[in-house]
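Participant: got a sequence here, can you build the structure:
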Amino acid sequence: MATLQFFGAAQYVTGSKHLLTTNKGTNVLLDCGLIQGRLQGKADINRHFGFKPYDIDYVILSHAHIDHSGLLPRLVREGFNGIIFAHPATISLCEIMLLDSAHIQTEDLKRVNERRKKRGDTILDPLYDTNDVQQTLEKMQPIGYDEHVKIDSELSFHFTDAGHLLGSCAVHIDITQNKHKTKVTFTGDIGKYGDPILRNPQEFRQCDVLICESTYGDRLHPKIADSEAELLTIVTETCVNNLGKLIIPAFSVDRTQELIYTLEKMFNEGLLPNIPIFVDSPLSVRATEVIRKHEECYNEVFIEYMHIDPHPFSFKHLTYITKVEESKKLNAYKGPCIIISASGMAEAGRIKHHILNGIENPNNTILLVGYCTPESLGGQLKAGVTSVRIFGEEKKVNAAVKVLDYYSSHADYEEIFNFLKCQKKDKIQTIYLVHGEIETQVVFKRKLEQNGYKHVIIPKLKESFSIKNY
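Facilitator: Residues are numbered from 1 along each chain as shown. You can find the predicted model right below:
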């Protein structure tokens, strides 16, 4: 009998990693993500999978975000030698994101090892390096939406568009065991409906087993018109009235581009004040170029906009910054401006330096526009702490902290229900909730049951379940 075991994103948001083993012993890993934030034991979990990488036959990757793809090079380093199936746009993004991840880990580990050396602890090696990333990319096989792939006599799968990120997929697997076919769907991360750039999540065939994300299973997002109006209000208050800096931690891929697109429309409509906007992220610059090349993932409205403006993500007052020296100059910049920089949780990268230098100025605003784990710097700011520790320095939170959840790329609970409308509730035998904080999952489980869904399970880390014949 086939089994399903959860090695990540179990009662936690990041580190998506789910192992499907068939009756004949074929091992398929759904995602291989890095655990992010400040979860206790994170370093150990990221270094030790809980299974033998060389026993994995295939990886099916839902999308390129690091919490779903970020341990693939580690998997390869530890002996995986199979095929990684992914959408072409996902492969394009992984090429830049995994190399960036390798660089960040190397730099972060230098500081960690300095502290370990002083304590007399063992020096750590990086999880992986750029050579591991190159080997990983060589193992990736592009699979388009609705392209059916037969792995062997027991397994086949296809992708549908999840609308979460360029190339993001829901994965639909058919498992044949004892002449019976069981249909398993892994949602990956589900996107919002009405995204300014991406297509809506796509309908999919009936499933027997559903592995469903639950990041925002306990809340609703603001409407886009309200969010754009609030963004303009925050820009005006911070940069015009207070003459301060608006500092926005944003994931380099998709969220940064959506913010730029929104600001560009405001500029073209004459609504945006004449203030400089800096995108301070080499990864964002490279990601923007990749996004421009994958028109097949755009919605019709954005494609029509490109006919009017063939160069989206580029307008007067907008400057992309790649060099470290130019990034450092922003910290000394005296006038009002908008700084968009990664990471979205403010846990790594240049954004930490901008927050460090701007957080004690009451004229500034820190705007959080995506999901942040509670333990992350972004999560602490969102929770309303009065002081934070950044690079070993204790800093008072004098800057205003604002939250615009609309710009998160995850569906809220109503959008997840909309995504599941194509399913007959009584035909889904089991639902496994993943990729959510346990408190959120408990709320979402209750909402699902109140809406007629049965057998909803919140798996624990490393918990295993049998997949029966249906």
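Participant: give the buried residues for whichever strand in the chain runs longest.
Facilitator: When the chain is parsed with DSSP state E, its longest strand is strand 169-177. For strand 169-177, the neighbour count (16 or more other CB atoms under 10 Å) marks 169-177 as buried. From N, CA and C alone the C-beta is placed, and that goes for glycine too.
Participant: strands of the stretch 351-470 of the chain, residue ranges please.
Facilitator: Counting by DSSP state E, counting those that start in this stretch, the segments of the stretch 351-470 of the chain that form strands are 365-368, 387-390, 393-396, 400-403, 430-434, 456-457, 464-467.
Participant: in TSV: these, plus distance to residue 218 and mean neighbour count.
Facilitator: Converted to TSV, the strands of the stretch 351-470 of the chain look like this (distance: least, CB to CB, whole Å; neighbours: other CB atoms under 10 Å):
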stretch	distance to residue 218	mean neighbour count
strand 365-368	18	24
strand 387-390	25	14
strand 393-396	30	11
strand 400-403	15	18
strand 430-434	12	24
strand 456-457	14	17
strand 464-467	24	14
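Participant: can you redo those as CSV with distance to residue 411 and mean pLDDT?
Facilitator: Shown next, in CSV, are these (distance: least, CB to CB, whole Å; pLDDT from 0 to 100):
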stretch, distance to residue 411, mean pLDDT
strand 365-368, 18, 97
strand 387-390, 30, 94
strand 393-396, 34, 95
strand 400-403, 18, 96
strand 430-434, 14, 98
strand 456-457, 17, 98
strand 464-467, 24, 96
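Participant: take the ones you listed and write them to JSON lines, including distance to residue 356.
Facilitator: As requested, those are exported to JSON lines (distance: least, CB to CB, whole Å):
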{"stretch": "strand 365-368", "distance to residue 356": "11"}
{"stretch": "strand 387-390", "distance to residue 356": "5"}
{"stretch": "strand 393-396", "distance to residue 356": "7"}
{"stretch": "strand 400-403", "distance to residue 356": "15"}
{"stretch": "strand 430-434", "distance to residue 356": "34"}
{"stretch": "strand 456-457", "distance to residue 356": "42"}
{"stretch": "strand 464-467", "distance to residue 356": "43"}
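Participant: residue ranges with poor pLDDT in the stretch 151-300 of the chain?
Facilitator: The stretch 151-300 of the chain contains no residues with pLDDT under 70.
Participant: ranges for the helices of it?
Facilitator: Counting by DSSP state H, counting those that start in this stretch, the stretch 151-300 of the chain has helices at residues 224-235, 255-268, 282-292, 300-308.
Participant: of all those helices, which one is nearest residue 329?
Facilitator: Nearest of the helices of the stretch 151-300 of the chain to residue 329, taken as CB to CB: helix 282-292 at 15.4 Å.
Participant: relative orientation of the closest one and helix 255-268 in degrees?
Facilitator: Angle between the axes of helix 282-292 and helix 255-268 is 80 degrees (criterion: axes from the mean of the first three to the mean of the last three CA atoms, to 10 degrees).
Participant: out of the strands of the stretch 351-470 of the chain, nearest to residue 182?
Facilitator: For the strands of the stretch 351-470 of the chain, proximity to residue 182 was assessed by CB to CB; strand 464-467 is nearest, at 5.9 Å.
Participant: what's the closest of the helices of the stretch 151-300 of the chain to residue 454?
Facilitator: Here helix 224-235 is closest among the helices of the stretch 151-300 of the chain (CB to CB), at 33.8 Å.
Participant: packing partners of the closest one?
Facilitator: helix 255-268, strand 365-368 (3 or more CB pairs under 8 Å, 6 or more residues apart in numbering; DSSP states H and E).
Participant: okay, those in a markdown table with distance to residue 394 next?
Facilitator: Shown next, in a markdown table, are these (distance: least, CB to CB, whole Å):
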| stretch | distance to residue 394 |
| --- | --- |
| helix 255-268 | 29 |
| strand 365-368 | 17 |
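Participant: just name the most buried of these.
Facilitator: Sort these by mean neighbour count, taking mean count of other CB atoms under 10 Å, and strand 365-368 sits at the top with a mean of 24.
Participant: just want the most central residue of this protein.
Facilitator: residue 65 (4.3 Å; CA atoms, centre = their mean).
Participant: what's around the nearest residue to that residue once chain neighbours are set aside, how many residues?
Facilitator: Leaving aside its chain neighbours, residue 65 sits nearest to residue 165 (6.3 Å; criterion: CB to CB, 6 or more residues apart in numbering). Neighbours of residue 165 under the rule other CB atoms under 10 Å: 28.
Participant: residue contacts, residue 165?
Facilitator: Residues in contact with residue 165 (CB atoms under 8 Å, 6 or more residues apart in numbering) are 63-65, 93, 189, 191, 198, 253-254, 409.
Participant: and these, which two are furthest apart?
Facilitator: Applying CB to CB across the contacts of residue 165, the maximum distance is between 93 and 191, 14.9 Å.
Participant: so these two - more neighbours on which side?
Facilitator: residue 93 (29 against 25).
Participant: in terms of helix, strand or coil, where does the more buried one fall?
Facilitator: Here residue 93 is helix, with the state taken from DSSP: H, G, I helix; E, B strand; the rest coil.
Participant: which SSE is the nearest residue to it once chain neighbours are set aside in?
Facilitator: Distances taken as CB to CB, 6+ apart put residue 64 closest to residue 93, at 3.7 Å, once the chain neighbours are dropped. Using DSSP states H and E, no element contains residue 64; it sits outside every helix and strand.
Participant: need the contact list for the residue nearest to residue 461 when sequence neighbours are not counted.
Facilitator: What sits nearest to residue 461 in space, not counting adjacent residues and going by CB to CB, 6+ apart, is residue 10, at 4.4 Å. Shown in contact with residue 10 (CB under 8 Å, 6+ apart): 434, 459-463.
Participant: please give the element, helix or strand, for residue 106.
Facilitator: helix 88-119.
Participant: neighbours around the nearest residue to residue 362 once chain neighbours are set aside, how many?
Facilitator: Nearest residue to residue 362, sequence neighbours excluded (CB to CB, 6+ apart): residue 398, at 4.6 Å. Residue 398 has 14 neighbours, counted by other CB under 10 Å.
Participant: and if you look at residue 72?
Facilitator: Residue 72: 31 neighbours (other CB under 10 Å).
Participant: one more: residue 51?
Facilitator: By other CB under 10 Å, neighbour count at residue 51 equals 17.
Participant: that one reaches residue 7, doesn't it?
Facilitator: Yes. Residue 51 is within contact range of residue 7, at 6.7 Å (criterion: CB atoms under 8 Å).
Participant: which residues do those two both contact?
Facilitator: residue 19.
Participant: how much space between residue 162 and residue 247?
Facilitator: 30 Å (CB to CB, to the nearest Å).
Participant: can you give the domain ranges for this structure?
Facilitator: 2-219+410-467, 224-407 (automatic domain parsing).
Participant: before we move on, the earlier item: distance of the residue nearest to residue 65 relative to residue 191?
Facilitator: Residue 165 is 7 Å from residue 191, by CB to CB.
Participant: quickly list what's touching both of those two.
Facilitator: 198, 409.
Participant: ok, residue 431 touching residue 453?
Facilitator: Yes. Applying CB under 8 Å as the test, residue 431 and residue 453 come out as touching, 6.0 Å apart.
Participant: quick one, strands of the stretch 101-250 of the chain?
Facilitator: Using DSSP E, counting those that start in this stretch, strands in the stretch 101-250 of the chain cover 140-142, 149-150, 155-161, 169-177, 180-186, 209-213, 245-249.
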